[in-house]
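Novice: build me a model:
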Amino acid sequence: MTWLEITIDTPGGSCQAAAAALTARGFSDLVIEDQQELETFLEENRAYWDYIDEALEQRLRGLSRIKLYLPQEDPQALARLEQAVSDLGLTYAAAPLAQTDWDESWKENYPPQEVGNSLVILPYWLADQQTTRRKIILDPGLTFGTGAHPSTRLVLRAMETAVTPRTRCLDLGSGSGILSIAALRLGAASATGVDIDPKAEDAARENAAYNGFGPPEFTALTGNVTQDKALMAALAPEGYQLVLVNIVADVIVALAPALPALLSQDGALICSGILDTRLGDVTAALERAGLTLTSVTAEEDWRCVTARKSSPTLGKE
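Specialist: Numbers count the residues shown, from 1 in each chain. Alright, predicted model coming up:
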């Protein structure tokens, strides 16, 4: 089947209204490319991001358009679209797409990724690939956390020396569960992943299952430790030898006061998702919370901080 890529240019900021009108006419699976929509979304969710990919910003600059795809062999669908676009007072352009196996071609974007000295991240369709490294098997389409981002790689490398056979690991903002799975692959006794998104809980369980992990080794929870006292009480009693926080700077700063209670006396904290411009804010918040910084590592513009509880003696000084 040959597909047509349809591009409909819209006045700035009107993409959503045009998309709604097209959906009402029976056209779904629309792709909106609109600079103003992106800027509005970012402003409304400022607490959850520190960095926007420059290539994405450049690609959307000045754009306000809708894309959709129709079979070239269906002239009636194209005629219906022409009428819908005309009724909206807009114009469109159509270009044929090369023959492609769309069901399989997306997988080319997820090759194996070797991280650190011993880990390799594999999409589930490559789970049987032979390797001497420890496999982290993921469904990359489930939720955030495929291992491709520098912030995640920084944590994984730090974990190689931090995890021991007795480690009880807590992963805050667990997303796909990649860090919890890595902890178990590295020999941790148990791992608990917590995320505010219920979809992340389901995705983490599914990814853990790909790797052969489930209760009691792996536990996935939904909640916010800064607001849910019951969750905090359930997590805190014994303390964890390793706490992982790979989110963004503002969230780490907000979490900082709660982190010491989650750490065992000899526990280590690994924080990532920190832009170099926000490193000072994060380290200051961790120190105010009573943690002692032990190292900072870097990849590109991103920083990863490790810390431990300050000893009682140092605290009195």
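
Novice: from here on, contacts and neighbour counts on C-alpha atoms
Specialist: Fine.

Novice: burial count for residue 84?
Specialist: By the criterion of other CA atoms under 10 Å, residue 84 has 20 neighbours.

Novice: just the helices in this protein please.
Specialist: Ranges of helices in the chain, per DSSP state H, are 15-24, 35-44, 54-60, 75-87, 102-105, 150-162, 178-185, 198-210, 229-235, 249-255, 259-262, 279-288, 312-316.

Novice: mean neighbour count, those: which tops it?
Specialist: helix 178-185 (a mean of 26; mean count of other CA atoms under 10 Å).

Novice: tell me the angle that helix makes with helix 198-210.
Specialist: Here helix 178-185 runs at an angle of 30 degrees relative to helix 198-210 (axes from the mean of the first three to the mean of the last three CA atoms, to 10 degrees).

Novice: mean confidence for helix 178-185?
Specialist: The average pLDDT for helix 178-185 rounds to 97.

Novice: now swap in stretch 94-112 and tell me
Specialist: pLDDT averaged over stretch 94-112 gives 72.

Novice: first to last residue in that stretch, what's the distance?
Specialist: 36 Å (CA to CA, to the nearest Å).

Novice: quick check: end-to-end length of stretch 85-98?
Specialist: Termini of stretch 85-98 sit 25 Å apart (CA to CA).

Novice: number of nearby residues for residue 171?
Specialist: Residue 171 has 23 neighbours, counted by other CA under 10 Å.

Novice: scratch that, residue 118
Specialist: Counted with other CA under 10 Å, residues neighbouring residue 118 total 15.

Novice: quick check: residue 156 touching residue 116?
Specialist: Yes: Residue 156 lies in contact with residue 116 (CA atoms under 8 Å); the separation is 7.1 Å.

Novice: which residues in the stretch 1-150 of the chain form strands?
Specialist: In the stretch 1-150 of the chain, strands defined by DSSP state E, counting those that start in this stretch lie at 3-9, 31-34, 64-71, 91-96, 113-115, 119-123, 134-138, listed in chain order.

Novice: how is the chain divided into domains?
Specialist: Domain assignment of the chain by automatic domain parsing yields the ranges 3-99, 107-316.

Novice: least confident of those, on average?
Specialist: Looking at the domains of the chain, the lowest mean pLDDT belongs to domain 3-99 (a mean of 78).

Novice: list the contacts for the nearest residue to residue 186 once chain neighbours are set aside?
Specialist: For residue 186, ignoring the flanking residues on the chain, the nearest one in space by CA to CA, 6 or more residues apart in numbering is residue 163 at 6.5 Å. With contacts defined as CA atoms under 8 Å, 6 or more residues apart in numbering, residue 163 is in contact with 183, 186-188, 242.

Novice: what about residue 193, neighbour count?
Specialist: For residue 193, the count of nearby residues is 27 (other CA under 10 Å).

Novice: quick check: it touching residue 168?
Specialist: No: if you go by CA under 8 Å, residue 193 and residue 168 don't touch, sitting 11.3 Å apart.

Novice: distance between the ends of stretch 114-123?
Specialist: First-to-last distance for stretch 114-123 - CA to CA - comes to 12 Å.

Novice: in it, what's buried?
Specialist: Residues 114-116, 119-123 are the ones in stretch 114-123 that count as buried (16 or more other CA atoms under 10 Å).

Novice: let me have those residues in a markdown table, extended by distance to residue 79.
Specialist: Output for those, formatted as a markdown table (distance: CA to CA, whole Å):
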| residue | distance to residue 79 |
| --- | --- |
| 114 | 49 |
| 115 | 51 |
| 116 | 54 |
| 119 | 53 |
| 120 | 49 |
| 121 | 46 |
| 122 | 44 |
| 123 | 40 |
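
Novice: farthest-separated two in these?
Specialist: 116 and 123 (17.7 Å; CA to CA).

Novice: ok, the closest residue in space to residue 119 that isn't next to it in sequence - contacts?
Specialist: Nearest residue to residue 119 in three dimensions, chain neighbours excluded: residue 134, at 4.8 Å (CA to CA, 6+ apart). By CA under 8 Å, 6+ apart, the residues touching residue 134 are 118-120, 185-186.

Novice: how about these in a markdown table, adding distance to residue 9?
Specialist: What follows is those, written out as a markdown table (distance: CA to CA, whole Å):
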| residue | distance to residue 9 |
| --- | --- |
| 118 | 49 |
| 119 | 45 |
| 120 | 43 |
| 185 | 49 |
| 186 | 51 |
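
Novice: what's the farthest-apart pair in these?
Specialist: Using CA to CA, the pair of the contacts of residue 134 lying farthest apart is 120 and 186, separated by 11.6 Å.

Novice: circling back: of the contacts of residue 163, which is the most crowded?
Specialist: Most neighbours among the contacts of residue 163, by other CA under 10 Å: residue 183, with 28 neighbours.

Novice: OK, contacts around that residue?
Specialist: Neighbour list for residue 183: 159, 163, 169, 191 [criterion: CA under 8 Å, 6+ apart].
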